[in-house]
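Participant: Can you look at this prediction? I've put the sequence above it.
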Amino acid sequence: MKVVDTAINDVRTDYTWNRVGRLTKRGLKATPTTAAYYVIDKAPIFGWLPRYNPRWIINDVIAGLTIGYG
């Protein structure tokens, strides 16, 4: 048990491990925001869909059929 206690104490007082812990915490806090920006960047529909007016659907369907057919 003395070896385990010594290892735990060494990890707690080691500068590198403490830095890794701080950076990991910072990264985990930023993950949800970063993930949201990534999804919005890769699939822009999630950015404009909440502001979409349902009255535009008929015009959009006609435009889609026109472009798709032509």
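Facilitator: Here it is on my side, so go on. Residues are numbered from 1 along each chain as shown.

Participant: make it CA atoms for all contacts and neighbour counts henceforth
Facilitator: Noted.

Participant: In this structure, where's the longest helix?
Facilitator: helix 15-42 (DSSP state H).

Participant: can you tell me the average pLDDT over that one?
Facilitator: Helix 15-42 carries an average pLDDT of 83.

Participant: tell me what that helix is packed against?
Facilitator: On a contact count with 3 or more Cα pairs under 8 Å, 6 or more residues apart in numbering; DSSP states H and E, helix 15-42 meets helix 2-13, helix 45-48.

Participant: From the contact counts, what lies against the shortest one?
Facilitator: Secondary structure elements in contact with helix 45-48, counted by 3+ Cα pairs under 8 Å, 6+ apart, are helix 15-42.

Participant: Distance from the chain centre to the helix it packs on, please.
Facilitator: 9 Å (Cα atoms, centre = their mean, to the nearest Å).

Participant: try stretch 36-49
Facilitator: 11 Å.

Participant: Alpha carbons only: can I get it in CSV?
Facilitator: Output in CSV follows, covering the C-alpha atoms of stretch 36-49 (Å, rounded to 0.1, in the frame of the first residue of the first chain):
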residue,chain,number,x,y,z
ALA,A,36,-22.8,22.9,-31.3
TYR,A,37,-20.7,25.2,-33.5
TYR,A,38,-19.4,22.1,-35.4
VAL,A,39,-22.9,20.8,-36.2
ILE,A,40,-24.1,24.2,-37.2
ASP,A,41,-21.1,24.6,-39.5
LYS,A,42,-21.5,21.2,-41.1
ALA,A,43,-25.3,21.2,-41.3
PRO,A,44,-26.4,24.8,-41.7
ILE,A,45,-30.1,23.8,-41.6
PHE,A,46,-29.8,23.7,-37.8
GLY,A,47,-28.9,27.4,-37.8
TRP,A,48,-31.7,28.7,-40.0
LEU,A,49,-34.5,26.2,-39.3
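
Participant: Residue 28 versus residue 14, what's the distance?
Facilitator: 21 Å (Cα to Cα, to the nearest Å).

Participant: Equivalent analysis for residue 22, please.
Facilitator: For residue 22, the distance to residue 28 - Cα to Cα - is 10 Å.

Participant: Could you do residue 8 as well?
Facilitator: For residue 8, the distance to residue 28 (Cα to Cα) stands at 23 Å.
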